[in-house]
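Trainee: No letters, just coordinates:
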């Protein structure tokens with residue numbers, strides 16, 4: 001609880017009632033929570049004090065969730081959970097491609113949202129705590145160098161910006177090179193719970209990682225194992 005109490009979460013949603021409900025559930029878990037009914041207000045607050053996570057609605061007047069996510073991702077990899085009343089695959093894919101770490105369709109259970117928040121923070125903490133475990137200080141695969149303690153990936157001396165989920169999946173692949181995994185196994189590794197939706201969430205995530213690796217002409221590839229899943233080669 002002590003770690004959670006230090007965590008600050010910004011809710012950005014134009015529905016005051018939803019903000020109130022989410023606030024109540026998160027505060028009960030020990031998080032510090034602040035709500036904003038407009039993206040512009042949250043952006044102003046971001047410039048003053050940066051939270052540990054955003055819970056972000058897509059459909060808002062003025063600056064919508066897509067634009068807000070795009071601006072945040074231009075300067076930070078802070079975890080972002082997108083929520084939307086539009087249960088549309090296109091919205092989910094666009095949100096993930098812009099860099100959100102998770103996506104929930106309204107109406108959703110506040111308890112489910114809290115579970116996802118806790119799981120995301122728990123995984124971030126676990127990654128940082130592994131410096132005294134099996135994770136090496138650096139890990140090189142092909143032309144990529146991983147710095148697990150700093151959650152960084154570099155290629156030829158330059159950082160490659162990955163979102164939380166992208167990084168976790170790529171590092172998992174790197175630590176289990178040449179071993180194929182099913183989509184279900186990868187979902188359990190990255191999200192740590194049963195994802196509400198389907199296994200295409202992994203396809204979306206891998207598509208984004210491949211795009212970034214291709215952009216820097218990396219020698220590392222995530223290969224499709226037809227009829228089974230994926231594996232990393234490098």
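Mentor: Everything's here; your move. Bear in mind that the values here come from a model prediction, so they are computed numbers and not experimental data.
Trainee: which strands and helices sit next to the helix or strand containing residue 81?
Mentor: Counting by DSSP states H and E, the element that carries residue 81 is strand 80-84. Strand 80-84 is packed against strand 53-57, helix 65-73, helix 89-98, strand 102-105, helix 110-129, with contacts defined by 3 or more CB pairs under 8 Å, 6 or more residues apart in numbering; DSSP states H and E. Every C-beta, even on glycine, is put in place using the N, C-alpha and C of the backbone.
Trainee: List the neighbouring strands of the shortest one plus their orientation.
Mentor: According to DSSP bridges, strand 102-105 has the following sheet partners: strand 80-84 (parallel).
Trainee: angle of the partner strand against helix 110-129?
Mentor: Interaxial angle, strand 80-84 versus helix 110-129 (axes from the mean of the first three to the mean of the last three CA atoms, to 10 degrees): 160 degrees.
Trainee: ok, residues contacting strand 80-84?
Mentor: Here strand 80-84 makes contact (CB atoms under 8 Å, 6 or more residues apart in numbering) with 13, 53-59, 65, 69, 72-73, 91, 95, 99-106, 108, 113, 116-117, 120, 163.
Trainee: Buried ones only from those, please, as a PyMOL command.
Mentor: The PyMOL selection below is limited to those of the contacts of strand 80-84 classed as buried (16 or more other CB atoms under 10 Å):
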select buried, resi 13+53+54+55+56+57+58+59+65+69+72+73+91+95+99+100+101+102+103+104+105+113+116+117+120+163
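Trainee: what sits against the spatially most central residue of the chain?
Mentor: Nearest to the geometric centre of the chain sits residue 101, at 2.3 Å (CA atoms, centre = their mean). Contacts of residue 101 were listed using CB under 8 Å, 6+ apart, and they are 79, 80, 81, 120, 163, 164, 165.
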